[in-house]
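Peer 1: Would you be able to build a 3D model of this:
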Amino acid sequence: MRTILIIIRKEFLQIFRNKAMLPILTVIPLVQLILLSFAATNEVKNLNLVVHDADHSDYSRKLRDKMMSSGYFVLRAQTDNMEEADEILQRDEADIILDIPPGFERSLLRDQEAKIQLRTNAINGMKGGLAGSYAATVIRDFNRQILPEALRTAAVRVDKMPSFNITFSNWYNPTLDFKVLMVPGILAALVTILTVILSGMNVVRERELGTIEQINVTPIKKYQFIIGKLLPFLFIGLFDLALGLAFAKLLFNIPMVGSLWLVFAFCVVNIIAILGVGLFISTTANTQQQAMFVAFFFMMIFLLMGGLFTPLESMPEWARYFAIPNPLAHFVEVMRKVLLKGSGFQDIKYHFMVMGIMAVVINLFAVMSYRKRG
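Peer 2: Numbering: from 1, shown residues only. Below is the predicted model:
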């Protein structure tokens, strides 16, 4: 035990002697948390709308105004020429075209049915899909609002029209604030990135500096060396998590419904697994540059297939299997479940089990891959 404590002390001395390291461990993650929490959002606003109004009626103007008042669209142009509207869309200056044909108001009043067309710029599939969905929602609201008026104008009895009263509530995020969803996940991602990169460069830095030979001629056992290298970064990861949670509460008022002790308990298991990945990279790489590239490779997979930006349920079935050994996928899921839903241990015990197995297996590989040569 004394040997491990000496190695831990040595690691902390190396970290604190490097004046550039402290801002990397504290200031930079907080700046990233603040910037990414505002920027990383799936909400799409200020969509450029082109209106082709061939009807020039009162109802066509009401529909246009309804689209503009929704808060999602900005009027890019209004034209009577469909070719001009298509040209604007082809120049990528518009996101959606609202095509109102001639006779729109007449069809609505006479037949209670009128057709309009939406043309969406779908180069960005997600943006195009959301633009079409927003426009369809606005048109449905317009239809519900205008239909009774149209029927009265057409002298049709409306006293026997069926009506529905719909009430709903949003659980866990009542205001539908996207930052409530993203901040816990971004914090989990930052802690993961920081720990895997620092641990990934740790042993290989000793090799480049030449100090690894001095350690190898000592009677230090391999497991003592690995534990002494792992624990300092575990403490750093926990410190960054605590700091990030404090800023998430103060700046974004993120709800913390569940137990913070449960969050930190899972964080310990998760970081041990992540550090095992980093130490395995560090013990097998020959230079810090190699270690950085390999760590970057793993982090890209962790981020893009971790459920942070894209729900795991929307991925192909084969991709969901890759999320099982992905520490970030479990970390993001646990952070959101515990902080936002108040989930207990029974709700996340699967994640504990998977990460516990991962921590043991990966760190065993890290110990075995380290070759002690004098």
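Peer 1: can you pull out the strands in the stretch 1-150 of the chain?
Peer 2: When assigned using DSSP state E, counting those that start in this stretch, the strands of the stretch 1-150 of the chain occupy the ranges 47-53, 73-79, 96-100, 117-120.
Peer 1: By mean pLDDT, flag the weakest helix or strand of this protein.
Peer 2: Taking mean pLDDT, DSSP states H and E as the measure, the chain has helix 211-216 as its least confident helix or strand, at a mean of 70.
Peer 1: Show the subsequent helix or strand relative to that helix.
Peer 2: Reading on from helix 211-216 to the C-terminus, the next helix or strand found by DSSP states H and E is helix 222-252.
Peer 1: Pull out the buried positions in that next one.
Peer 2: In terms of neighbour count (16 or more other C-beta atoms under 10 Å), helix 222-252 has its buried residues at 224-234, 236-238, 240-241, 243-245, 247-248, 252. Heads up, the C-betas are built off the backbone N, CA and C, glycines and all.
Peer 1: same deal with stretch 84-91?
Peer 2: Using 16+ other C-beta under 10 Å as the test for burial, stretch 84-91 gives 85-86, 88-89.
Peer 1: Please enumerate residues in contact with it?
Peer 2: Taking contacts as C-beta atoms under 8 Å, 6 or more residues apart in numbering, the residues outside stretch 84-91 that touch it are 50, 52, 76-77, 79, 94, 97, 99, 119, 121.
Peer 1: now swap in stretch 314-325 and tell me
Peer 2: When contacts are defined by C-beta under 8 Å, 6+ apart, stretch 314-325 is touched by residues 301, 305-307, 312-313, 329, 354, 358.
Peer 1: would you turn those into CSV with secondary structure and distance to M335?
Peer 2: CSV is the format used below for those (DSSP: H, G, I helix; E, B strand; the rest coil; distance: C-beta to C-beta, whole Å):
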residue, secondary structure, distance to M335
I301, helix, 19
M305, coil, 17
G306, coil, 11
G307, coil, 11
L312, helix, 14
E313, helix, 18
A329, helix, 11
V354, helix, 15
M358, helix, 17
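Peer 1: returning to that earlier point: mind telling me the two of the contacts of stretch 84-91 farthest from one another?
Peer 2: When the contacts of stretch 84-91 are compared pair by pair using C-beta to C-beta, the two farthest from each other are T79 and N121, 16.3 Å apart.
Peer 1: between these two, which one's more packed in?
Peer 2: Counting neighbours by other C-beta atoms under 10 Å for T79 and for N121 shows that N121 has the greater number, 20 against 16.
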